[in-house]
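Trainee: Generate coordinates for the sequence data below:
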Amino acid sequence: MTNYLNGNSEHFVLDSSVTLLKGSDSLKVIDRTVSTKLTKMDNLDRQSTLFCDANGRIVDQVSIIVIDGQLLVLSDKGESQATRNKLVTGVSWDEDCEVLNADNAISQIVIVCKNPDLVLAKFQIESILLRNDRVMEKEDLLISMKKFSSCHVIDILVPKERCDDLLVSLEESKSKLGPLERWDFLRINNGIPSLLDSRGKLPGDLGMGGLISLDKGCYPGQEIHARMDSRGKSAKQMLKIKSETKLDVGKIVINDLGRIFVTSSATNGEVSLSLAICDSVVGDRVSFNLPDGTKGLAEILTSV
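Mentor: Modelled structure (predicted):
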């Protein structure tokens, strides 16, 4: 897989929302609201999960970090207020849980790189010590990392007042700051769906079945998810598409693929990449021609 990176490393300041949950019952409160069992999370654990509606469709996708008895919830900026409202209304009168807006306190920076040790040397961190399901505390930074087939993605949470200093350090490490449009291109290349892709969709259609805990208690959408699981594997699949022509978001019919729904699309000026949901089961890799005669290649994303 091509990594499409300009140099060893590029970094981006995400437009994320951060919610802080304080109180001894915080983990219990959020656990009964999301799709994944969280009750066994320990300090510095990190877990991705979903907020769904009563029809089992995704309304927000979040990442939760346990830090010194408190919870940090990273979510989409556009859904942050609705997500906080769900958490507030889910707190019983006798529970110890306070929901706070931390947007002005914490920034999220992601780094996409070929050799993470070249970037992390500035922070005196070895990449082998970083994981995706836990964060490492380094002074006032919280750092995690996920390995993909062609690159690594490092995720850093930093206090707002230190964000500029961190950006300078990254530039000194020869990493290049990029716009969010560029992040879209690189995340699509690595099969990382955002809420653009998942909003209003069923988790199983996106390869997000791993974020559904069927053995936990009731949560919004739980009955639908259990019913879908009893029927077996979803007939739909999530695809990553490489094409000469940028695909518009929405429905399109393509020979050899059938009907697909493009959920997000980005280009680097030479090649276009898209994520799409296919209504039928296709092979692992399928070459095809678009209606305008240009060529494309679709690859199945088995899990995300």
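Trainee: what are the ranges of the helices in the protein?
Mentor: Here the chain has its helices, by DSSP state H, at 26-31, 80-89, 116-120, 163-172, 180-189, 195-198, 222-230.
Trainee: any chance of the ones you listed in JSON lines, with mean neighbour count and distance to Leu290 too?
Mentor: All C-beta atoms are positioned from the backbone trio N, CA, C, and that covers glycine. Shown next, in JSON lines, are the helices of the chain (neighbours: other C-beta atoms under 10 Å; distance: least, C-beta to C-beta, whole Å):
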{"stretch": "helix 26-31", "mean neighbour count": "21", "distance to Leu290": "43"}
{"stretch": "helix 80-89", "mean neighbour count": "16", "distance to Leu290": "37"}
{"stretch": "helix 116-120", "mean neighbour count": "19", "distance to Leu290": "36"}
{"stretch": "helix 163-172", "mean neighbour count": "14", "distance to Leu290": "38"}
{"stretch": "helix 180-189", "mean neighbour count": "19", "distance to Leu290": "17"}
{"stretch": "helix 195-198", "mean neighbour count": "21", "distance to Leu290": "20"}
{"stretch": "helix 222-230", "mean neighbour count": "15", "distance to Leu290": "32"}
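Trainee: For Gly7, which of those helices is the nearest?
Mentor: Closest to Gly7 of the helices of the chain, according to C-beta to C-beta: helix 116-120, at 9.9 Å.
Trainee: Other residues contacting that closest one?
Mentor: 8-9, 111, 113, 126-127, 130, 145, 152, 154, 170, 173-175 (C-beta atoms under 8 Å, 6 or more residues apart in numbering).
Trainee: so what's the residue lying closest to Lys242 once chain neighbours are set aside up against?
Mentor: With C-beta to C-beta, 6 or more residues apart in numbering as the criterion, Lys242 has its nearest non-adjacent residue at 4.8 Å, and that residue is Leu297. Applying C-beta under 8 Å, 6+ apart, we find Leu297 in contact with 241-243, 285-288.
Trainee: same deal with Asp292?
Mentor: Thr245.
Trainee: what does Phe12 give?
Mentor: Counting by C-beta under 8 Å, 6+ apart, Phe12 has contacts 109-112, 177-180, 182-183.
Trainee: Please report the distance of it from Pro179.
Mentor: Going from Phe12 to Pro179 by C-beta to C-beta, to the nearest Å gives 8 Å.
Trainee: Also Glu126?
Mentor: When Glu126 is compared with Pro179 (using C-beta to C-beta), they lie 30 Å apart.
Trainee: Pass me the low-pLDDT residue ranges in the protein, would you?
Mentor: When residues are selected by pLDDT under 70, those of the chain lie in 1, 232-234, 281-283, 303-304.
Trainee: before we move on, back to that, tell me which entries of the contacts of Phe12 lie within strands.
Mentor: Residues of the contacts of Phe12 located in strands (DSSP state E): 109-112, 177.
Trainee: circling back to that earlier point, how about the contacts of Phe12 in TSV, adding distance to Ala82?
Mentor: Shown next, in TSV, are the contacts of Phe12 (distance: C-beta to C-beta, whole Å):
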residue	distance to Ala82
Ile109	25
Val110	24
Ile111	29
Val112	29
Leu177	30
Gly178	29
Pro179	27
Leu180	21
Arg182	28
Trp183	23
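Trainee: Only the buried subset of the residues you listed, as a PyMOL command please.
Mentor: Entered in PyMOL, the line below selects the buried ones among these, by 16 or more other C-beta atoms under 10 Å:
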select buried, resi 109+110+111+112+178+182+183
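Trainee: returning to what we had before: just put the contacts of helix 116-120 in TSV and tack on distance to Asp96.
Mentor: Shown next, in TSV, are the contacts of helix 116-120 (distance: C-beta to C-beta, whole Å):
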residue	distance to Asp96
Asn8	46
Ser9	42
Ile111	36
Cys113	41
Glu126	38
Ser127	38
Leu130	32
Met145	33
His152	38
Ile154	34
Leu170	38
Ser173	42
Lys174	47
Ser175	41
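Trainee: Mind picking the two most distant members of these?
Mentor: For those, the maximum inter-member distance is 19.3 Å, found between Leu130 and Lys174 (C-beta to C-beta).
Trainee: Among the two, which residue is more densely surrounded?
Mentor: More crowded of Leu130 and Lys174, by other C-beta atoms under 10 Å: Leu130, with 20 against 12.
Trainee: For the more buried one, give its distance to His152.
Mentor: Counting by C-beta to C-beta - Leu130 and His152 are separated by 9 Å.
Trainee: Are there residues contacting both of the two? Which ones?
Mentor: When C-beta under 8 Å, 6+ apart defines a contact, the residues bordering Leu130 and His152 alike are 116, 145.
Trainee: Make JSON lines from the helices of the chain and add distance to Val59 to it.
Mentor: Below are the helices of the chain laid out as JSON lines (distance: least, C-beta to C-beta, whole Å):
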{"stretch": "helix 26-31", "distance to Val59": "15"}
{"stretch": "helix 80-89", "distance to Val59": "7"}
{"stretch": "helix 116-120", "distance to Val59": "33"}
{"stretch": "helix 163-172", "distance to Val59": "29"}
{"stretch": "helix 180-189", "distance to Val59": "20"}
{"stretch": "helix 195-198", "distance to Val59": "9"}
{"stretch": "helix 222-230", "distance to Val59": "13"}
